[in-house]
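Trainee: whatever this is, show me its structure:
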Amino acid sequence: MGLDRLSVRRAEWLAYLTPALVFLAMTLPHLDQGDWRKDTGRYAAVGLQAYQDGFWWTLRFTPERVYFNKPPLAMWIHGWFLDTFGVNLVATRLPTVLAGLMIVLCTVGLVRVFGTRRVAVTSGVVLALTYEFFRRTREISLDMWQLAFMMLALLLIARGVRSRRARWFLFGGVPIGLALMTKPFVGIVVVPIALLWVLLIGQRRAVGWGLLSGVIGLAVAAPWHIGMSLEHGSAFWDQYLGRQVAGRAAGEINPQGIGYYPILFVKTYWPWLIPLALGLAAWLRADRSREVVMGVRRSGLLLVGIWLGAWIVVLMAFPDKRPRYTPPVYPALAVFAGAWLAAGPSRGVRLARAMRWAGVVAIVVGVVIAVLPIRFQSPADAQREEFFAWHEEEGGPAFFTLGVNTNSQGIIRLRLGEWPVSLGDEMLARRDDPPVGSLVLVRDDVEDPPTGEELWRSLRGRLRVVRVGAGG
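Mentor: Down below sits the predicted model:
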């Protein structure tokens with residue numbers, strides 16, 4: 001009996017270990033390659049500054065300019081890694097890898113609540129091998145951290161419904177609050193999804209506990225939001241709610257057409273698009289009298305389907321559309337694709353045998369890729385590196401910037417230890433009339449550039465340094 005239990009426990013651990021190893025094999029090799037892309041430079045600089053300069057409660061760009069755009073949790077996490085392990089891309093990206101790993105493990109756990117070990121492993125591996133998912137680990141992704149906390153909340157609530165134990169709902173409220181401390185408001189979406197699910201499966205007694213999860217989540221996030229409101233008043237809400245939420249919802253930032261995401265998924269969700277379509281069809285066409293469909297309880301597939309549908313609606317309705325907003329759909333897509341792949345008797349047996357070796361193969365492939373001098377990502381921005389080399393040769397003179405975006409401003413803060421003063425930037429300290437003789441790092445495409453002696457120009461011609469002359 002003891003050996004049987006040990007065998008079952010080992011198989012259960014392997015169900016989690018195999019997708020985890022596959023995911024790490026996709027993300028860890030050459031984690032130091034590439035550049036500080038997207039918002040990574042800005043987030044990293046703001047997070048590091050929280051530790052170095054003590055700007056904890058109110059994140060800041062500079063001592064004079066506060067950062068109201070996002071809650072602080074993800075930047076606290078990344079800032080700690082940078083402060084502990086130094087300013088480098090590995091320390092910057094490793095927390096996002098951990099967030100992605102958490103999502104993979106929560107996906108496996110959610111399937112195990114309702115389905116077989118085979119389906120859980122397959123779903124986890126499908127998610128781990130989804131390119132648009134694992135490539136987010138090459139940046140500081142608030143969306144990945146938000147999803148990690150939401151998936152943990154969904155898993156805990158699902159366990160509460162299956163076990164009929166209220167404590168899981170209470171535990172589930174905490175990661176909802178952590179999601180709200182990562183990005184504004186979106187994390188609370190877990191609650192209506194869970195409430196709709198428990199009503200559809202006839203578990204009305206769980207509605208109260210689901211609401212309590214939401215209350216606990218709000219209580220976790222409330223102290224920071226209340227503190228910011230008391231300390232900064234309308235200035236906080238105008239930026240945090242007005243510009244970042246209402247502005248995006250109104251289509252003021254990067255609006256895209258309704259076909260944006262369907263086209264994106266058709267282009268990028270390979271090789272899983274066909275098993276996904278077959279899995280969705282099998283679920284929708286299955287006899288409703290069947291309790292188990294493709295190795296998963298019907299109630300579990302309903303929860304995943306509601307999650308998928310809710311996020312599709314949110315993504316399609318929100319005018320600001322970007323690939324980095326899509327991570328929440330990939331766990332659900334992986335479950336339907338993985339369930340179909342593992343469902344057929346002969347197909348499932350062959351797949352189960354293959355999965356036994358997937359973890360070992362993943363380690364071997366990961367080690368080989370890590371050892372070989374293979375470049376997966378483009379190197380750091382060449383003209384920026386040219387500027388840093390010139391700046392060092394000149395003895396590190398002080399300079400202003402004009403037309404340089406806030407992500408590049410953050411990279412300058414990480415490399416040189418302080419933010420340059422930005423001319424005319426709404427987020428950073430501003431001095432519109434630099435003194436004669438001061439240096440300005442300027443992009444060629446800005447309106448009304450400063451005049452004076454050009455001291456340096458990048459080989460690509462987009463950046464230059466000008467010493468401001470009289471009347472400049």
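
Trainee: where in the chain is pLDDT low?
Mentor: 1-8, 243-255, 344-360, 370, 424-432, 470-472 (pLDDT under 70).

Trainee: can you list the domains in it?
Mentor: 2-371, 382-468 (automatic domain parsing).

Trainee: show me where the stretch 1-150 of the chain has its strands.
Mentor: 60-62, 65-66 (DSSP state E, counting those that start in this stretch).

Trainee: isn't G403 up against V440?
Mentor: No - with contact taken as Cβ atoms under 8 Å, G403 and V440 are classed as non-touching, separated by 9.6 Å. (Glycine included, C-beta is placed from N, CA and C.)

Trainee: for those two, indicate the residue with more neighbours.
Mentor: V440 (24 against 20; other Cβ atoms under 10 Å).

Trainee: OK, contacts around that one?
Mentor: By Cβ atoms under 8 Å, 6 or more residues apart in numbering, the contact list for V440 reads 399-402, 423, 434, 450, 465-466, 468.

Trainee: what do you get for V364?
Mentor: V364 touches nothing, counting by Cβ under 8 Å, 6+ apart.

Trainee: part of a helix, is it?
Mentor: Yes - the assignment for V364 is a helix, going by DSSP: H, G, I helix; E, B strand; the rest coil.

Trainee: quick check, central residue of this structure?
Mentor: M144 (2.2 Å; Cα atoms, centre = their mean).

Trainee: can you tell me the closest non-neighbouring residue to that one?
Mentor: Using Cβ to Cβ, 6 or more residues apart in numbering and skipping residues adjacent in sequence, the residue nearest M144 is A99, 4.4 Å away.

Trainee: ok, R37 next?
Mentor: E139 (5.5 Å).

Trainee: hang on, isn't the one you found packed against D39?
Mentor: Yes - using Cβ under 8 Å, E139 is in contact with D39, at 7.5 Å.

Trainee: who has more neighbours, the two?
Mentor: E139 (24 against 20).

Trainee: quick one: residues contacting that one.
Mentor: Applying Cβ under 8 Å, 6+ apart, the residues near E139 are 37-40, 93, 96, 324.

Trainee: circling back to that earlier point, which of the domains of the chain sits most buried?
Mentor: When the domains of the chain are scored by mean count of other Cβ atoms under 10 Å, the highest mean neighbour count falls to domain 2-371 (a mean of 19).

Trainee: residues contacting E132?
Mentor: E132 sits next to 264, 268-269, 323, 326, 330 when contact means Cβ under 8 Å, 6+ apart.

Trainee: rerun that using 7 Å as the cut-off
Mentor: E132 is in contact with 268, 323, 326, counting by Cβ atoms under 7 Å, 6 or more residues apart in numbering.

Trainee: try R443
Mentor: 403-404, 462-463 are the contacts of R443 under Cβ under 7 Å, 6+ apart.

Trainee: now F236
Mentor: Counted by Cβ under 7 Å, 6+ apart, F236 has contacts 68, 228-229.

Trainee: check L301 too.
Mentor: The contact partners of L301, by Cβ under 7 Å, 6+ apart, come to 283, 293.

Trainee: for it, what is the enclosing helix or strand?
Mentor: Take DSSP states H and E as the rule and L301 turns out to sit in helix 298-317.

Trainee: over to L441?
Mentor: strand 439-443.

Trainee: can you list the strands that that strand pairs with?
Mentor: strand 400-402 (parallel), strand 463-468 (antiparallel) (DSSP bridges).

Trainee: so what touches the last one?
Mentor: Applying Cβ under 7 Å, 6+ apart, the set of residues contacting strand 463-468 from outside is 383, 387, 399, 434, 436-444, 450, 452-458.

Trainee: any idea how far L31 lies from I369?
Mentor: 11 Å (Cβ to Cβ, to the nearest Å).

Trainee: who touches the closest residue to G124 other than its chain neighbours in this structure?
Mentor: Nearest residue to G124, sequence neighbours excluded (Cβ to Cβ, 6+ apart): P19, at 2.8 Å. Remark: with contacts taken as Cβ under 7 Å, 6+ apart, P19 is in contact with 104, 108, 121, 124-125, 128.

Trainee: do that again at 10 Å, thanks
Mentor: Applying Cβ atoms under 10 Å, 6 or more residues apart in numbering to P19 gives the contacts 101, 104-105, 107-108, 120-129, 334, 338, 355, 358-359, 362.

Trainee: what segments of the stretch 151-300 of the chain are strands?
Mentor: With strands called from DSSP E, counting those that start in this stretch, the stretch 151-300 of the chain shows them at 292-293, 296-297.

Trainee: mind checking which of these is nearest E394?
Mentor: Of all the strands of the stretch 151-300 of the chain, it is strand 296-297 that lies closest to E394, at 63.5 Å by Cβ to Cβ.

Trainee: for the closest one, which helices and strands make contact with it?
Mentor: helix 89-114, helix 117-128, helix 298-317, helix 329-343 (3 or more Cβ pairs under 10 Å, 6 or more residues apart in numbering; DSSP states H and E).

Trainee: and the helix or strand where F388 lies, what other elements does it pack with?
Mentor: Assigned by DSSP H and E, F388 belongs to helix 382-393. Contact analysis of helix 382-393 by 3+ Cβ pairs under 10 Å, 6+ apart lists helix 406-416, strand 439-443, strand 452-457, strand 463-468 as its packing neighbours.

Trainee: nearest to A166, of the ones you listed?
Mentor: Closest to A166 of these, according to Cβ to Cβ: helix 406-416, at 44.1 Å.

Trainee: beyond that closest one, next helix or strand please.
Mentor: strand 421-422.

Trainee: gap between R60 and Y240?
Mentor: For R60, the distance to Y240 - Cβ to Cβ - is 14 Å.

Trainee: let me fix that, I meant to ask about L155.
Mentor: Where Y240 is concerned, L155 sits at a distance of 29 Å (Cβ to Cβ).

Trainee: can you pull out the helices in the stretch 151-300 of the chain?
Mentor: 166-180, 190-200, 206-232, 234-237, 247-249, 260-268, 273-285, 298-317 (DSSP state H, counting those that start in this stretch).

Trainee: before we move on, the earlier item: tell me the two of the contacts of R443 that are most distant?
Mentor: V404 and R462 (10.4 Å).

Trainee: picking up where we left off before, could you dump the strands paired with strand 439-443 to TSV with distance to W283?
Mentor: Formatted as TSV, the strands paired with strand 439-443 follow (distance: least, Cβ to Cβ, whole Å):
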stretch	distance to W283
strand 400-402	53
strand 463-468	53
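
Trainee: nearest to L278, out of the ones you listed?
Mentor: strand 463-468 (50.9 Å).
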